[in-house]
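Participant: Provided below for reference: sequence and predicted model.
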Amino acid sequence: MSSSEETRPALRLERVRVTFHAGTPNERVALDDLSLDIAQEEFVVVIGSNGAGKSTMLNVISGALIPDGGRVELEGKDVTRLAVHRRAAYVGRVFQDPMLGTAPALSIEENLALAGRRGLRRGLRLALDASRRRHFAEILAPFGLGLDTRMRVLAGKLSGGQRQVLALLMASLRKPRLLLLDEHTAALDPGTADLVMRATRRIIEEDRLTALMITHNMQQAVDFGDRLLAMNAGRVRVDLGAAAKQGLSVDDLVQRFAGAADHHLLRA
Ligand SMILES: Nc1ncnc2c1ncn2[C@@H]1O[C@H](COP(=O)(O)OP(=O)(O)OP(=O)(O)O)[C@@H](O)[C@H]1O
Ligand SMILES: [Mg+2]
């Protein structure tokens with residue numbers, strides 16, 4: 001890797017603008033000339049009140065939404081107008097709803113095979129030889145859910161937490177340059193959310209992924225990631241690096257975040 005590749009950000013948003021219902025009484029600026037750089041292997045947590053623009057930002061990054069203005073770069077490549085499937089190799093995504101990330105009528109191993117083959121031509125059957133099966137069992141085993149011994153169970157039969165762990169593994173199987181997590185533990189009970197967060201950290205660290213995780217859970221925001229962003233009205237209002245995040249309590253965060261709502265950018 002050349003030195004320019006090492007220093008190139010994994011993601012760059014340059015004055016990204018998204019307006020819904022432009023020119024109508026319902027006009028809503030969801031992203032207000034948003035600019036943001038995310039470094040390689042950074043694990044960034046994003047908080048912000050409902051409607052702040054968090055999911056819209058992820059939609060612009062994944063290609064689900066083409067912005068009205070500005071530029072989206074993944075590893076130096078302009079992807080602003082690239083369709084979702086054309087950047088799927090770069091971007092993995094897990095949603096809040098455990099139903100969205102997995103195919104319920106396929107078994108655990110078929111889901112993993114599908115994720116491994118995404119974008120390639122060969123059929124499922126070919127993908128599922130003995131060594132593939134062994135590999136999938138090996139990557140499932142450390143999560144302690146017993147999924148590795150139930151590889152032929154349909155994903156639709158799994159609990160929400162099990163499905164989210166499977167969805168996480170599927171999203172990260174091809175080692176995406178960027179992993180996008182949109183409140184992926186919000187629909188889970190606290191114990192299961194904890195388990196899925198530990199799985200998340202493990203995958204991000206082991207695969208050295210760059211990740212962007214949205215959460216409304218302030219404890220998660222404090223405990224995870226090495227950078228914390230707070231969004232409001234389509235912009236990043238607070239941007240805390242690892243040093244500033246160290247020792248931050250939930251109370252500190254709530255106080256700082258309340259201060260950010262009056263639109264002053266705090267940077268530490
Ligand atoms: N498809 C859409 N059509 C119209 N307006 C939209 C659409 N998607 C989002 N918006 C609006 O854009 C703004 C930002 O929404 P967004 O979903 O990005 O917020 P969010 O920060 O993810 O909020 P939440 O915490 O509730 O998930 C909101 O005002 C929302 O109503
Ligand atoms: Mg959202």
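Facilitator: Now that the structure is in, tell me what you want to look at. All figures in this text were calculated on a predicted structure; none of them were measured in a lab. Ligands and ions are numbered 1, 2, ... in the order given.
Participant: For the stretch 51-200 of the chain, what lies in contact range of ligand 1?
Facilitator: When proximity is defined as CB under 6 Å from any ligand atom, the stretch 51-200 of the chain approaches ligand 1 at 51-56. Quick note: C-beta positions are derived from backbone N, CA and C, even for glycine.
Participant: which ones among those are found in helices?
Facilitator: 54-56 (DSSP state H).
Participant: Closest one of the residues of the stretch 51-200 of the chain next to ligand 1 to A103?
Facilitator: Ranked by distance to A103 (CB to CB), those are led by S55 at 22.6 Å.
Participant: Verify the stated contact: that closest one with L181.
Facilitator: No. Between S55 and L181 there is no contact under CB atoms under 8 Å: 11.3 Å.
Participant: between the two, which one's more packed in?
Facilitator: L181 (28 against 19; other CB atoms under 10 Å).
Participant: hang on, isn't the more buried one packed against V94?
Facilitator: Yes. Assessed by CB under 8 Å, L181 is found in contact with V94 at 5.1 Å.
Participant: which stretches of this structure form strands?
Facilitator: Counting by DSSP state E, the chain has strands at residues 11-20, 28-38, 43-47, 69-74, 77-78, 91-94, 178-182, 210-214, 227-232, 235-240, 266-267.
Participant: Which one, of the ones you listed, ends up nearest to L166?
Facilitator: When the strands of the chain are ranked by proximity to L166 (CB to CB), strand 91-94 comes first, at 10.0 Å.
Participant: what does that closest one contact?
Facilitator: 58, 61-63, 74, 101, 164, 167-168, 170-172, 174, 176-182, 184 (CB atoms under 8 Å, 6 or more residues apart in numbering).
Participant: weakest of the strands of the chain in terms of mean pLDDT?
Facilitator: Among the strands of the chain, strand 266-267 carries the lowest mean pLDDT, at a mean of 42.
Participant: hmm, back to that, in ChimeraX, select just the buried ones from the residues of the stretch 51-200 of the chain next to ligand 1.
Facilitator: Of those, the buried ones go into a single ChimeraX selection, burial set by 16 or more other CB atoms under 10 Å:
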select :52,53,54,55,56
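Participant: ok, so of the residues of the stretch 51-200 of the chain next to ligand 1, who is nearest R132?
Facilitator: Looking across these and measuring by CB to CB, the closest to R132 is S55, at 33.8 Å.
Participant: Chain neighbours aside, what residue packs nearest to the closest one?
Facilitator: D182 (5.7 Å; CB to CB, 6 or more residues apart in numbering).
Participant: got it, and T102?
Facilitator: Of all residues not flanking T102 in the chain, A155 sits nearest, at 4.2 Å (CB to CB, 6+ apart).
Participant: Same check on R202?
Facilitator: Per CB to CB, 6+ apart, closest to R202 is P142, 7.1 Å.
Participant: give me the beta-bridge partners of the residue nearest to the spatial centre of the chain?
Facilitator: Centroid check for the chain by CA atoms, centre = their mean gives L180 as the closest residue, at 1.5 Å. Going by DSSP bridges, L180 is paired in beta bridges with R93, L212.
Participant: if I look at it, how far off is R134?
Facilitator: Distance of L180 to R134, computed by CB to CB, to the nearest Å: 29 Å.
Participant: Next: T7.
Facilitator: 38 Å.
Participant: Pipe the strands of the chain into a markdown table and attach distance to D252 per row.
Facilitator: What follows is those, written out as a markdown table (distance: least, CB to CB, whole Å):
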| stretch | distance to D252 |
| --- | --- |
| strand 11-20 | 27 |
| strand 28-38 | 23 |
| strand 43-47 | 13 |
| strand 69-74 | 32 |
| strand 77-78 | 38 |
| strand 91-94 | 28 |
| strand 178-182 | 23 |
| strand 210-214 | 19 |
| strand 227-232 | 11 |
| strand 235-240 | 10 |
| strand 266-267 | 12 |
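Participant: Compare the ones you listed and report which one is nearest to D148.
Facilitator: Of all those, it is strand 91-94 that lies closest to D148, at 20.0 Å by CB to CB.
Participant: Off-centre distance for that closest one?
Facilitator: Mean C-alpha position of strand 91-94 versus that of the full chain (CA atoms, centre = their mean, to the nearest Å) differs by 6 Å.
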